[in-house]
Structures are given as structure tokens and as C-alpha cells.
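Enquirer: This is a predicted model, with the sequence first.
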Amino acid sequence: MEVNIVYKYRAPGEAPGDETTIESKSMDLTEDELNDPSQPHGFGDTVTLASPLPSQDDEAPPQDYKVIERNLIVTQWEDKGFFVQEMQVVVTDPDA
């Protein structure tokens, strides 16, 4: 199934909810992958994102970030059960 993956950056020491979206993409995941907390990125994994933070130069090279949270946004779809709307992957600086 195709799932929207939204990468959000949380600066070290910031409270949940203060994240900035830095990249999003669609990815095909099986139901097993969706239920596996290590897919597509697990807690503590390093992920390289092409989009720089807004305060950086648009020409900045891709950066590495550390995954600190993974949230599935799920909605109920009529009487057919639940539908995964998107996956939010919260990242921070790799050395945090």
C-alpha cells in the first residue's frame, strides 16, 4: 500500500509539537512493514534527507538525521476498518 512518509525535524531540547516538516515522499509498504517499528526507519536509525532545514541555504547538501519517533496517522474508512493516512518520522541531529 502506498503511504505518505512525512519527515519532521525536532531540535534537541524542543518539546513535542515544535517540529518542522523538512521532507515528504510516498512509499509502498506492505502491511507487515507498516506494523514493524523498524520499517522503513526504526528508532535511532540514521536517515539522509535531501531537503535542508528552512534556515539553511537551498543549495545545502543532504544531511544525516537520527530517528527519534515514528507515528502512524490512522483514520477509519467507513465500515471497512482503518486506513493508514500517513507515517510521521520525527528526526533530530545525529549527535543528539
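Expert: Yep, it's here. Numbers count the residues shown, from 1 in each chain.

Enquirer: Now do the strands in this protein.
Expert: 2-9, 20-28, 46-49, 63-76, 82-92 (DSSP state E).

Enquirer: Can you tell me which of the ones you listed is nearest to residue 35?
Expert: strand 63-76 (9.1 Å; CB to CB). Where C-beta positions appear, they are placed from N, C-alpha and C, glycine not excepted.

Enquirer: And the contacts of that closest one?
Expert: Contact partners of strand 63-76, identified using CB atoms under 8 Å, 6 or more residues apart in numbering, comprise 7, 9-10, 16, 34, 37, 41-49, 52, 82-94, 96.

Enquirer: If you count neighbours, what's buried in that strand?
Expert: 63, 65-68, 70 (16 or more other CB atoms under 10 Å).

Enquirer: Can you pull out the low-pLDDT segments for this structure?
Expert: 51-58, 76-84 (pLDDT under 70).

Enquirer: Next one: residue 2 from residue 30, what distance?
Expert: From residue 2 across to residue 30, the span is 11 Å (CB to CB, to the nearest Å).

Enquirer: Could you do residue 38 as well?
Expert: To residue 30, residue 38 is 13 Å away according to CB to CB.

Enquirer: number of nearby residues for residue 5?
Expert: 17 (other CB atoms under 10 Å).

Enquirer: That one against residue 34, yeah?
Expert: No: counting by CB atoms under 8 Å, residue 5 sits too far from residue 34 to count as a contact (11.0 Å).

Enquirer: shared neighbours of the two, anything?
Expert: Shared contacts of residue 5 and residue 34, defined by CB under 8 Å, 6+ apart, comprise residue 87.
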